[in-house]
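Enquirer: Sequence and predicted model, in that order:
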Amino acid sequence: MIKVVDLHKSFGDLEVLKGINTEIRKGEVVCVIGASGSGKSTFLRCLNLLEEPTKGEIYIDGISLMEHKKDINKLRQKVGMVFQQFNLFPHMTVLENIMLAPVKVKKMPEEEARRKAIELLRKVGLSDKDNVYPSQLSGGQKQRVAIARALAMDPEVMLFDEPTSALDPEMVGEVLAVMKQLAMEGMTMVVVTHEMGFAREVGDRILFMDEGVILEEGTPEELFGNPKKERTRAFLSKVL
Amino acid sequence: MIKVVDLHKSFGDLEVLKGINTEIRKGEVVCVIGASGSGKSTFLRCLNLLEEPTKGEIYIDGISLMEHKKDINKLRQKVGMVFQQFNLFPHMTVLENIMLAPVKVKKMPEEEARRKAIELLRKVGLSDKDNVYPSQLSGGQKQRVAIARALAMDPEVMLFDEPTSALDPEMVGEVLAVMKQLAMEGMTMVVVTHEMGFAREVGDRILFMDEGVILEEGTPEELFGNPKKERTRAFLSKVL
Amino acid sequence: MLEGVYRVLSDAIYFNLIREDRYMLFVNGLKVSIQLTVFAAIIGVIIGLLMAIAKLTNNKILNRIATAYTDVIRGTPSVVQLIVIYYAILGSSQLPKLLVASLAFGINSGAYVTELIRAGIQAVDKGQMEAARSLGLSYSQAMRYVIVPQAIKNILPALVSEFIVLLKETAVAGYIALDDLTRAGTIVRGRTFDPYTPFILVALIYLYITSMLTAFMGRLERRLRQSD
Amino acid sequence: MLEGVYRVLSDAIYFNLIREDRYMLFVNGLKVSIQLTVFAAIIGVIIGLLMAIAKLTNNKILNRIATAYTDVIRGTPSVVQLIVIYYAILGSSQLPKLLVASLAFGINSGAYVTELIRAGIQAVDKGQMEAARSLGLSYSQAMRYVIVPQAIKNILPALVSEFIVLLKETAVAGYIALDDLTRAGTIVRGRTFDPYTPFILVALIYLYITSMLTAFMGRLERRLRQSD
Amino acid sequence: EKEIGGDVIMKRVLIYILALVVVLSFMGCSTKIDTMKRIKETKKIIWGTNAAFPPFEMRQGDEVIGIDAEIAKRIADKLGVELVVEDMEFDALLPALVSGKIDFIAAGYTVDPDRAEQVLFTDTYFTAVQVIIVMKDNQEIKGPEDLKGKKIGVQNATTGDLVASKIEGAEVKRYNNGMEAVMDLKNGNIDAVIIDDLPARMLAEKNPEVKILEEKPSEEEEYALAVRKGDTELQKVINEVLAEMKKNGEIEELVKKYSLGEQ
Ligand SMILES: Nc1ncnc2c1ncn2[C@@H]1O[C@H](COP(=O)(O)OP(=O)(O)OP(=O)(O)O)[C@@H](O)[C@H]1O
Ligand SMILES: Nc1ncnc2c1ncn2[C@@H]1O[C@H](COP(=O)(O)OP(=O)(O)OP(=O)(O)O)[C@@H](O)[C@H]1O
Ligand SMILES: [Mg+2]
Ligand SMILES: [Mg+2]
């Protein structure tokens, strides 16, 4: 589904990604963990070409992202993304937020888009919030709308960048529940997270990133239960 | 030296001081303690007419502040003040900071003012910083300069409003040392502070303020050792 | 003394307003000034929007063009621009004078609006663009549906303020023989030979309109602040 | 083709600059524009400082006067102000024209400087005034020695920007028959009947000077930021 | 910032109006000027003109030259003082004279009853007539009758302005000087220009694309100088200068010199 080969990314002199190699299979839930500044977000954003890689290749369904920069809008439709800061559009209602991309990008008829949006809102448990503006929502509700908005484009893979770190603790659960459900329905997901419980329970595979490389990877049991590298152990001892 | 009679102060609808009565004798060191928002700063600032009392009287050396608002600049010369945020003048060197008031207000000749400033800097242990700008000083050094600046006007009483709360812990000592020395030299001082150690050691009398009144007062032994009021005890249990 | 004051005043009013229906000159002048300002404002906002986007894209040529435009316009007096555009650039275009003047002032205003809009767009959180792009919207779609609507809201009060500036700028329209409000003062002065009154009247009319606009801007600012 | 371009250009230069030493008109015009701007700026800063203080004191009458002043000036076009001040207020004063114009533009600029300085003063930390007063300095001493010097530093770049605006504003000095740079363009055009060249030259000269000033402002801003 | 409503604004504006009324009335009662005394004290006489009216006044380099310039110079010489030129917009001349900014007007200034109410005219020194300038290829406009409903360019506040303003349905465009009007005529923005005959000839000479119509839109008129009301002493001096120059044919010579020789 997604194949990453020797991915490098530098900001000026600062090399943030130093050669990432991995493959994400259809239906897999991959959780990315690691210390702050290790390059997790940058990695995720490269998968979407929100950051342009300095070197390396990314294939989605066998198509090279680097060779098809022109079709980036097409390719991005296959990849949904959810941000730490939600990034809902504040001047649109919840429904308009969700309908925007299907109507403008996929040229879906308004009515169909609306029906779909309402269905997605039901799915994330916010049926009653369709005509409300984002400023009137709680953080957890905002993030669930953001997930619905990404899902409206029927993506083949969903990227989550610390979707719960901007939330008050009592709202983390509701967002994780939605993500868990998505995973169970077979969505391919890459999740950067500090929620080790979620990673352990939902993740098929855990990537531990450190200083721009994937230092260690494995199933949750392997990685949490029996980390091989010293760095991984040090990190886990701090967060668990 | 200072006599405060039924002092009231309101900001709009909010009554912050609700009748303060006290007397401060020459050479006495009075420490004011109390919870945040209890009106300590406001009380201190009234002594200097930086805030104008709504009601009540303040006498300095028997002269009513309220009746002599016109001569406020004269009266203020008798009262030095040191602020939590130092409030040094950033566009002047340390020496210029100290010399400003003597030269402009007392019309002291520049040379004399300079000699005096240098002496005061020696006193607060900053002889080598005379031509330096405030931005190049550490917090503790700034506060010591502020004390020297206030002393340059030969005040009869010094007001300190939490002089050490904006300082990193390692700098608190150097400022308290200067204040202790001042107290030993017989300066009349009113000190709002959270440094209970200092209050206990240096204070002749402690005022405990609560919700705009002096709830309890006494020597450090009385007030810290055997507080009479419930509120005082509750406050002390939290800070000691 | 009082009688003298009264005489002077009533004479001033009679000669500068009543006689030969001279008040109509002011009324028509005001009409021209307002039309000119409104047209110029519309042109200015359109140009400003395009140029702001040109400044923000990664296209070097567009960047250069937009920068040259704003630098030249903001670096020269509007009177000079008006004269150059009217007599030189659009000289023999045969367009109505009001339109040419609107274009000239619009081109002038556009440079200031460009900076306003650019700042307004840059003030929109970067995450908005990223979210829009990640949904598959193209750059221009993201601009149109997500960024610009939010930017507009940010800069609306500043736009009203620019509108006031523009109204005042148009006072030099007389340079190209457009009978705007200020010109009306000149014409009346030419008829009544009264050096003060016509221009004091003109000043009062401007003052009244700009005060209204300023008050409107204040209300707008408060309204927008509330809706956040 | 090339020869034609060369001919047109060399003719334009000859008739608009060389013949009858016409370049001297531009040189003298520029001199007048710069003198006018400098004098007006000085007057503007003095007025602005006084009015800013008048706005900030608790004296109601001073407040009102300062507010009326800034409202009226900022609410009317500078051309109209120039005419009113020149012909009406300073009517028969017989002062040199350059001085009257400097006064007029200074009064105009002063209103904008007032707001600049007021904002600059309000941006100085309140503790500075309190510290100064607690040392026994009077309000005016505190202003003079403590607040204003700091405020000036804050607003220096904005003042340079106001200076640029002022230079451009003075382009309407021709209204009171002052031979400034723009008027030089009019005069040369009146001689050469060349609709393009004189004003394009004028525009280029303005552009050159404002670019210099803008660059200077940028350097000043950076310098001041460093010194913090 | 506190709430500023429309009514508060109205109140403020009313206060400004009141303040201005006071200023105005104060100026209305302003003091008389003793012109001759001032001229003698300052050793200067101020000539007001609009130096875009060839051949009567025009710019040469920094100087103002032309027929009126020579007359003005003579007046200054006669008084033994320095001549100061104030080159201003034409419409501002009369207000400037009345308010004391200048001491006399010499600007191809037509004697007219309205103006005579405000100022004191000297003897006349030149007879002029308004003419119509159109493009050479214009077949439509042959005389004043054809100007109805047309766009006519004039110099603001000149006799031409008054003449054009009386033409039925005409749209009058007022320029700061005749040259700008002719430039706009060539640009096709107006149909005709009405201006005094001598300047018209010079404009036509410099702009071969235009022509002057034979038929005149108004009667002949007379140019004179103007001084402030009450300045009879200065008026007398000027009249003497004019009489002298007329008698020895100097004026005619000047007309020839500046109309032809220049440029
Ligand atoms: N646009 C940028 N320009 C320059 N440096 C950047 C940029 N984005 C990220 N960086 C740097 O790249 C490094 C990795 O950042 P990244 O956001 O990928 O880390 P992270 O693992 O997501 O950390 P966190 O857990 O704090 O989100 C950091 O040092 C960061 O400062
Ligand atoms: N200028 C002011 N305007 C309005 N309210 C004020 C003002 N200054 C102080 N207050 C209010 O008065 C109350 C007492 O303030 P004050 O600063 O005297 O308390 P404090 O005892 O010094 O507290 P802290 O220990 O936090 O400094 C607070 O509620 C404060 O919000
Ligand atoms: Mg991150
Ligand atoms: Mg306090």
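Expert: It's in. Ligands and ions are numbered 1, 2, ... in the order given.

Enquirer: so the residue of the stretch 101-250 of chain E found nearest chain C is in which element?
Expert: Among all residues of the stretch 101-250 of chain E, E:A157 sits closest to chain C, at 2.9 Å; criterion: C-beta to the nearest C-beta. Glycine gets a C-beta too; all of them are placed from N, C-alpha and C. E:A157 belongs to no helix or strand when assigned by DSSP states H and E.

Enquirer: Please report how far it lies from E:D114.
Expert: 11 Å (C-beta to C-beta, to the nearest Å).

Enquirer: go on, E:E220?
Expert: 18 Å.

Enquirer: who has more neighbours, E:A157 and E:D114?
Expert: Per other C-beta atoms under 10 Å in any protein chain shown, whichever of E:A157 and E:D114 has more neighbours is E:A157, with 24 against 11.

Enquirer: just checking, the more buried one touches E:F90?
Expert: Yes: because the distance of 5.6 Å satisfies C-beta atoms under 8 Å, E:A157 is recorded as touching E:F90.

Enquirer: Mind checking what secondary structure residue 128 has?
Expert: Went with chain A since none was named. Three-state assignment for A:D128 (DSSP: H, G, I helix; E, B strand; the rest coil): helix.

Enquirer: my bad, chain E
Expert: Per three-state DSSP, E:A128 ends up strand.

Enquirer: Neighbours of it, how many?
Expert: Neighbours of E:A128 (other C-beta under 10 Å): 19.

Enquirer: Run me through the strand neighbours of the helix or strand containing A:M158, direction for each.
Expert: Secondary-structure element containing A:M158, defined by DSSP H and E: strand A:157-161. Paired strands of strand A:157-161, with direction, are strand A:79-82 (parallel), strand A:188-192 (parallel) (DSSP bridges).

Enquirer: Can you say which of those strands is packed in most?
Expert: Burial of those is given as mean neighbour count (mean count of other C-beta atoms under 10 Å in any protein chain shown); strand A:79-82 ranks first at a mean of 26.

Enquirer: Can you show me the CA trace of that strand as CSV?
Expert: In CSV, the C-alpha atoms belonging to strand A:79-82 read as follows (Å, rounded to 0.1, in the frame of the first residue of the first chain):
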residue,chain,number,x,y,z
VAL,A,79,-4.5,9.8,2.1
GLY,A,80,-6.5,11.4,4.8
MET,A,81,-4.8,13.4,7.6
VAL,A,82,-5.8,14.4,11.1
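
Enquirer: After it, which helix or strand is next?
Expert: With DSSP H and E, the next secondary element past strand A:79-82 is helix A:94-104.

Enquirer: now what about that next one, what contacts it?
Expert: A:88-89, A:92, A:108-110, A:112-114, A:116-118, A:120-121, A:126, A:129-134, A:137, A:145, A:148-149, A:152-153, C:135-137, C:141, C:145-146 (C-beta atoms under 8 Å, 6 or more residues apart in numbering or on different chains).

Enquirer: Which ones among those residues also lie next to ligand 2?
Expert: Here nothing survives when the contacts of helix A:94-104 are matched to ligand 2 using C-beta under 6 Å from any ligand atom.

Enquirer: which of those are buried?
Expert: A:88-89, A:92, A:108, A:113-114, A:116-118, A:120-121, A:126, A:129-130, A:133-134, A:137, A:145, A:148-149, A:152-153, C:135-137, C:141, C:145-146 (16 or more other C-beta atoms under 10 Å in any protein chain shown).

Enquirer: what's the overlap in contacts for E:A157 and E:F90?
Expert: Joint contacts of E:A157 and E:F90 (C-beta under 8 Å, 6+ apart) do not exist.

Enquirer: remind me which residues of chain E are low pLDDT?
Expert: E:1-32, E:61, E:260-263 (pLDDT under 70).

Enquirer: just the helices in it please.
Expert: Secondary structure of chain E (DSSP state H): helices at E:6-28, E:35-42, E:67-79, E:93-99, E:113-118, E:159-165, E:178-186, E:197-206, E:232-247, E:250-256.

Enquirer: Check which residues of the lengthiest helix in chain A are buried.
Expert: Looking across chain A with DSSP H, the single longest helix is helix A:169-184. Buried residues in helix A:169-184, defined by neighbour count with 16+ other C-beta under 10 Å: A:M171, A:V172, A:E174, A:V175, A:L176, A:V178, A:M179, A:L182, A:A183.

Enquirer: Closest to A:E23 out of these?
Expert: A:A183 (18.3 Å; C-beta to C-beta).

Enquirer: looking at it, that closest one is touching A:V29, isn't it?
Expert: Yes: contact criterion C-beta under 8 Å: A:A183 and A:V29 qualify, at 4.8 Å.

Enquirer: hey, what's in contact with both of those two?
Expert: A:M189, A:V202.

Enquirer: tell me the centre residue of chain C?
Expert: Centroid check for chain C by C-alpha atoms, centre = their mean gives C:L166 as the closest residue, at 2.5 Å.

Enquirer: what residues are up against that one?
Expert: Counted by C-beta under 8 Å, 6+ apart, C:L166 has contacts C:T37, C:A40, C:A41, C:G44, C:F105, C:S109.

Enquirer: Could you export the residues you listed as CSV, including neighbour count and secondary structure?
Expert: Formatted as CSV, the contacts of C:L166 follow (neighbours: other C-beta atoms under 10 Å in any protein chain shown; DSSP: H, G, I helix; E, B strand; the rest coil):
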residue, neighbour count, secondary structure
C:T37, 25, helix
C:A40, 26, helix
C:A41, 23, helix
C:G44, 27, helix
C:F105, 27, helix
C:S109, 29, helix
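
Enquirer: I'd like those residues laid out as TSV, including pLDDT and distance to chain D.
Expert: TSV is the format used below for the contacts of C:L166 (pLDDT from 0 to 100; distance: C-beta to the nearest C-beta, whole Å):
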residue	pLDDT	distance to chain D
C:T37	96	11
C:A40	96	14
C:A41	96	16
C:G44	96	17
C:F105	95	13
C:S109	95	14
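
Enquirer: Distance to E:A52 for those residues - can I get that in JSON lines?
Expert: Listed next are the contacts of C:L166 as JSON lines, based on distance: C-beta to C-beta, whole Å:
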{"residue": "C:T37", "distance to E:A52": "29"}
{"residue": "C:A40", "distance to E:A52": "28"}
{"residue": "C:A41", "distance to E:A52": "33"}
{"residue": "C:G44", "distance to E:A52": "32"}
{"residue": "C:F105", "distance to E:A52": "25"}
{"residue": "C:S109", "distance to E:A52": "30"}
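
Enquirer: Pick the one among those residues closest to chain B.
Expert: With C-beta to the nearest C-beta as the yardstick, the closest approach to chain B among the contacts of C:L166 comes from C:S109, at 38.9 Å.

Enquirer: Can you give me every residue that contacts the closest one?
Expert: Contacts of C:S109 by C-beta under 8 Å, 6+ apart are C:A40, C:A41, C:I43, C:G44, C:I47, C:G48, C:E162, C:V165, C:L166, C:E169.

Enquirer: ok so, going back, restricting to the contacts of helix A:94-104, which residues neighbour chain E?
Expert: Residues of these in contact with chain E (C-beta under 8 Å from any C-beta of the partner chain): none.

Enquirer: Same question for the helix or strand hosting A:V16: list its buried residues.
Expert: Here A:V16 sits within strand A:14-24, counting by DSSP H and E. Along strand A:14-24, these residues count as buried under the neighbour rule (16+ other C-beta under 10 Å): A:V16, A:L17, A:I20, A:T22, A:I24.

Enquirer: Fine by me, thanks again.
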